[in-house]
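Here is the input, now give the coordinates:
(chains A and B)
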Amino acid sequence: MHSVSRRRFLKISAASVIGGSLAGHALSASVGGAATRPTGEVSRIPTFCDVCFWKCGAIAHVQDGKLWKIEGNPDDPLSNGRLCPRGTGGIGAVTDPDRLRTPLLRVSERGEEKWKAVTWDEALDFIAAKMERIRREHGAESMAFFTHGIGGTFLKNLMKAYGTPNVAAPSFAQCRGPRDVGFRLTFGDDVGSPERTDIANTDCLVLIGSHLGENMHNTQVQEFAEAVGRGARIIVVDPRFSVAASKAHHYLPIRPGTDTALLLAWMNVIVSEGLHDRAYVEKHGHGFDAFAAALAPYTPEWAFPETGIDPETIRLTAREMARCKPATLVHPGRHANWYGNDAQRSRAIALLNALLGSWGRKGGFYIPSSMEVPAYPVPKYPKPARAKLDNPGNKFPFAHETITTGIREATLSGKPYPIKGWMVYATNLFNALPNEEETKRAIQQLDLLVVVDVVPSEIAAWADVVLPESIYLERYDELNPEFFRDPFIALRQPVVESPDDQKPNWWIAKRLAEKLGLQAFFPWKDIEEYLDTRLRGAGLSLAELKRKGIVRGPRQPLYFEEGAPAEFETPSRKIEFYSNQLAQAGFDPVPRYTPPEPGPAGSFRLLFGRAPMHTFGRTQTNRLLSDLMRENAVWLNAVAARRLGLKTGDYVRLRNQDGVLSDRIRVKATQRIHPECVFVVHGFGHTARGLRHTYRKGASDAGLITRYKTDPLMGGTGMNVNFVTLEPATEA
Amino acid sequence: MSRYIMVIDTRRCVGCMDCVVACKTENRIPEGYTRDWITETVRGEFPSLSMEIRSERCNHCEKPPCVGCCPTGASHIHDRGGVVLVTKEKCIGCKACIASCPYDARYVHPEGHVDKCTFCLHRVERGELPACVSVCPTHCMHFGDADDPHSEVSRLLASRKGHTLMPEAGTGPRIHFLT
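You can find the predicted model right below:
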């Protein structure tokens, strides 16, 4: 029997893109057989997903008091009734044997993961006493808060009530920040999340490094499949033959790090051949002539040796984009912190879209809207005595959100004032921020590190106090009045009870506020009263939302031609082809190309990305999802693999330019990647022992990202600047 | 009579494995096992490549060798749609069916019987689609009656090019992949 099961494992793993064998994985025989189908009544409870940040509407099916399955909510315009694999597998988070169960207090050195289980009162009293002391000795600004996702709302409010401005999310400086800055500088607005990309109606979709299909943002993938199905032109630029590339009419196997050269050459072709949307540019554009002049040197022949893309392909694809304009969408991407020049690269993407007239146009970028839900009335938050310290002297003049790594730097230096406490909600900083050692050194400066999480992550391992949060299927959260094509309000509500002593974040925030004497900022009796009050302000009620999960508002005009306002909140109130504000701040007013710095001879540039069944490093212990992908593999060009004597399935370790050695990882020798780079799926190689199921399975890209290049415009950390060699590994 | 088939559009499929996890939750498949899986076929050399992504499972063959070789009659063809099923109470776990299946579509359940895709007959009987089909975010999977010339699957097969897996095995596989 065992050998047959083993055969199943090998089949799945060998078959899957992402590789990583499941063989040797201990079998659980405790779950009931397929034919023993329970017959009890099924209740269907609407809520919204939290396995990633897309927030798809879902319907949980509960049978005999047990969570059975989750499906998409057909009324929800994000999921359209169909969740992604992570959403479908979300119930595995509830039954995850590795999840946190009770508050924990550290009893040895930080990082040693030795704990004492304590009551909530003990844990919160400990935190409140430390926070009081930090406020007394250093000031409230000396507490920092790191957060990710809608669940952090109430703790963020608590930090504002406490009086600190130092609140940051890695989603800016480690993810979409450069993109948002590049688009703001050009159009005066960013693309938001969910992105305002009109893939559903595009005639030509251009993906630059965006691996839709592997990057599983549900609505985008649904619309992408739809676009492929109806024959929209697809152009994919990627050093890796991604899933999206396999759907493309044109696959451009670019040399890593040279995207800006390609973008400039594309714009050169469009402008020099007069293929841009002249009326649109004339009406909405600022500084076009200076921009056009600056493009002159960037011919396809110039770009060829940089990018490896032949001039004819550059011309052909540029003309194809122009032919489909304005229904051409050059996708802005999402994780954009690659090489440290990322805001300018993103601005080049924005400018290419501007030339094609796609902003505010059908098949390009629509204008989203949202429904108004009044806030619950609370007292005015105190004004912090000192300004936030992530960006001293406004060194990064175009950072419009707080820079996580700036807070880390200030924690290390104690300047301009000391940071003595971190509270971390639902973000594993060791996975999210580059250079783990800097994070460790910063933590050693702290008097208090509190981590609120659902699993014992690496950052939890370094905490003084760990607070176990209820899984999203066990709690209420803040309402989601989404900015989207179709405006709607969605409710997250509990569908099952927490199995142990986990608590929802609203409860944690309110209780801690009481202990800090800040209860006035949480004047509501409980979360239901809070939500109902807000919803009644919008003419709705909690009862209605509990029943429906989602209430949709009327669609507003989406495109300029439908009457959507053509407003650009730039200094010129126009689309800025030439940026005076960049010039004034000492930056290139039109993007320029800087070649990426090469790595040591014989090394490969380390690239990382997503797999569709995992979110960051937070789903690897979810048994339903880990069954789909247990370990990551290192993608290595098949020719390079042959040269190195490596074949698919071999275990290796990756050593980076600074001598850091990874955990062992299997090789995926494949034709699907450029010989200059290797690729791994992010989120594996966990080193926290509490994550028993995934402990040291695969390699951590984050551990190998010891170097980063900071974006001078906005402080983002470009992370694709590390190089590795491969060493055979036999022992675990 | 009806003859259930699946038609899967490989151009739309992104291989996300939602079909796999939906099957696991719908049918309560134990950890470590699965009734469906994703296969990728890559052709060519970098950068001139093509790739077909397929969601695969039991082919519910017209002439299923697993039924013919079953010593107890546990493996059988169901009246409805010609779906190939296993009656777990009759299965003695001898694995003859596993050896005979050209698609490696069966496994031994930890409870000792053989298990495989049922086309979610329990759902189909209620007028629902198989779980894998109903969740697919790319709408690449279609299920229906090949004997009904007006069904979506019949129309898709008539209008698009496609293939089955290992037709040379002569078992008459009923999962069709559009290319």
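
Could you check how many residues crowd around A:Gly81?
17 (other Cβ atoms under 10 Å in any protein chain shown). Backbone N, C-alpha and C define where each C-beta goes, glycine included.

thought A:Ile199 was touching A:Val228?
No. Contact criterion Cβ atoms under 8 Å: A:Ile199 and A:Val228 do not qualify, at 10.1 Å.

Contact partners for the residue sitting furthest away from the middle of chain B?
Taking Cα atoms, centre = their mean, the residue of chain B most remote from its mean C-alpha position is B:Pro47, at 32.2 Å. By Cβ atoms under 8 Å, 6 or more residues apart in numbering or on different chains, B:Pro47 lies in contact with A:241, A:251, A:253, A:674.

right, and A:Leu606 touches A:Thr706 too?
No. Judged on Cβ under 8 Å, A:Leu606 makes no contact with A:Thr706 at a distance of 10.5 Å.

So these two - more neighbours on which side?
A:Leu606 (25 against 18).

before we move on, the earlier item: which neighbours do A:Leu606 and A:Thr706 share?
With Cβ under 8 Å, 6+ apart, A:Leu606 and A:Thr706 have common neighbours A:656, A:722.

still on that earlier bit, please list which of the contacts of B:Pro47 are also close to chain B.
The subset of those within reach of chain B, by Cβ under 8 Å from any Cβ of the partner chain, is A:241, A:251, A:253, A:674.

Looking at those residues, state which has the most neighbours.
Busiest of the ones next to chain B among the contacts of B:Pro47 [other Cβ under 10 Å] is A:Phe241, holding 26 neighbours.

how much space is there between the residue lying closest to that one once chain neighbours are set aside and A:Ser662?
Closest residue to A:Phe241 apart from its sequence neighbours, by Cβ to Cβ, 6 or more residues apart in numbering or on different chains: A:Arg672 at 3.9 Å. Noted for A:Arg672: a distance of 21 Å to A:Ser662, by Cβ to Cβ, to the nearest Å.

Also A:Ala583?
From A:Ala583 to A:Ser662 the distance is 43 Å (Cβ to Cβ).

of these two, who's got more company?
Per other Cβ under 10 Å, whichever of A:Ala583 and A:Ser662 has more neighbours is A:Ser662, with 25 against 14.

need the contact list for the more buried one.
A:Ser662 touches A:653-655, A:685, A:699-700, A:703-704, A:724, counting by Cβ under 8 Å, 6+ apart.

In the stretch 601-732 of chain A, what residue comes closest to chain B?
A:Pro612 (3.8 Å; Cβ to the nearest Cβ).

Distance of that residue relative to B:Met17?
Taking Cβ to Cβ, one finds A:Pro612 at 6 Å from B:Met17.

what residues do the two have in common as contacts?
In contact with both A:Pro612 and B:Met17: A:Pro85, using Cβ under 8 Å, 6+ apart.

Looking at those two, which one has more neighbours?
Shown here are A:Pro612 and B:Met17; by other Cβ under 10 Å, B:Met17 has more neighbours (32 against 29).

picking that back up, can you list which of the contacts of A:Ser662 are found in helices?
Judged by DSSP state H, the contacts of A:Ser662 include A:703-704 as members of helices.

Tally up the residues packed near A:Trp302, please.
Per other Cβ under 10 Å, the neighbour tally for A:Trp302 reads 16.

Break down chain B into its strands, ranges please.
B:4-9, B:37-45, B:48-56, B:75-77, B:84-86, B:107-108, B:114-115, B:141-145, B:162-163, B:175-178 (DSSP state E).

which stretch among those strands comes nearest A:Glu112?
strand B:37-45 (40.2 Å; Cβ to Cβ).

quick one, that closest one and strand B:48-56 angle?
170 degrees (axes from the mean of the first three to the mean of the last three Cα atoms, to 10 degrees).

CA atoms only: put strand B:37-45 into PDB for me.
The C-alpha trace of strand B:37-45 is given here as PDB (Å, rounded to 0.1, in the frame of the first residue of the first chain):
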ATOM      1  CA  TRP B  37      -3.200  16.400 -10.800                       C
ATOM      2  CA  ILE B  38      -1.500  18.800 -13.200                       C
ATOM      3  CA  THR B  39       0.900  17.800 -16.000                       C
ATOM      4  CA  GLU B  40       3.000  20.100 -18.100                       C
ATOM      5  CA  THR B  41       4.500  19.100 -21.400                       C
ATOM      6  CA  VAL B  42       7.300  21.400 -22.600                       C
ATOM      7  CA  ARG B  43       8.700  21.200 -26.100                       C
ATOM      8  CA  GLY B  44      11.600  23.000 -27.700                       C
ATOM      9  CA  GLU B  45      14.700  24.800 -26.500                       C
END
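
does any part of that strand sit near chain A?
Yes. Using Cβ under 8 Å from any Cβ, strand B:37-45 reaches chain A at B:37-40, B:42, B:44-45.

Just the buried ones from the residues you listed?
Among these, those that count as buried by neighbour count (16 or more other Cβ atoms under 10 Å in any protein chain shown) are B:37-40, B:42.

Quick one: neighbours of A:Ser572, just the number.
Counted with other Cβ under 10 Å, A:Ser572 comes out at 16.

Okay, and it sits in which element?
Counting by DSSP states H and E, no helix or strand carries A:Ser572.

quick one: it from chain B, how far?
41 Å (Cβ to the nearest Cβ, to the nearest Å).

quick one: contacts for residue 97?
Just so you know, I chose chain A. Here A:Pro97 is in contact with A:621, A:623, A:692-693 (criterion: Cβ under 8 Å, 6+ apart).

think we crossed wires, I meant chain B
B:65-67, B:69-70, B:75, B:86, B:106, B:114.

cool, A:Asp711 as well?
Neighbouring residues of A:Asp711 by Cβ under 8 Å, 6+ apart: A:177-178, A:337, A:340-343, A:396, A:717-718.

Same check on A:Gly188?
A:Gly188 touches A:567-570, A:573, A:576, counting by Cβ under 8 Å, 6+ apart.

at 10 Å what do you get?
A:567-576 (Cβ atoms under 10 Å, 6 or more residues apart in numbering or on different chains).

got these as CSV, with pLDDT columns?
Formatted as CSV, the contacts of A:Gly188 follow (pLDDT from 0 to 100):
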residue, pLDDT
A:Glu567, 97
A:Phe568, 98
A:Glu569, 98
A:Thr570, 98
A:Pro571, 98
A:Ser572, 98
A:Arg573, 98
A:Lys574, 98
A:Ile575, 98
A:Glu576, 98
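
What count of nearby residues applies to A:Glu372?
Burial of A:Glu372 is recorded as 11 neighbouring residues (other Cβ under 10 Å).

Setting aside sequence neighbours, what's the nearest residue to it?
Nearest to A:Glu372 is A:Ala538, by Cβ to Cβ, 6+ apart, at 6.4 Å.

now the one you found: how far from B:Thr72?
For A:Ala538, the distance to B:Thr72 - Cβ to Cβ - is 62 Å.

Could you check which of those two has the larger neighbour count?
A:Ala538 (16 against 13).

ok, now how distant is that one from A:Leu518?
27 Å.

picking that back up, export the contacts of A:Gly188 as a markdown table, with columns for distance to A:Val639.
Output for the contacts of A:Gly188, formatted as a markdown table (distance: Cβ to Cβ, whole Å):
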| residue | distance to A:Val639 |
| --- | --- |
| A:Glu567 | 52 |
| A:Phe568 | 48 |
| A:Glu569 | 50 |
| A:Thr570 | 47 |
| A:Pro571 | 50 |
| A:Ser572 | 50 |
| A:Arg573 | 53 |
| A:Lys574 | 49 |
| A:Ile575 | 44 |
| A:Glu576 | 44 |
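
in which helix or strand would I find A:Gly81?
With DSSP H and E as the test, A:Gly81 turns up in no helix or strand.

Assess the claim that it and A:Ile70 are in contact.
No. If you go by Cβ atoms under 10 Å, A:Gly81 and A:Ile70 don't touch, sitting 11.8 Å apart.

what about the closest residue to A:Thr313 other than its chain neighbours, how many residues close to it?
Closest residue in space to A:Thr313, ignoring its immediate chain neighbours: A:Leu252 at 6.5 Å, by Cβ to Cβ, 6+ apart. Burial of A:Leu252 is recorded as 23 neighbouring residues (other Cβ under 10 Å).
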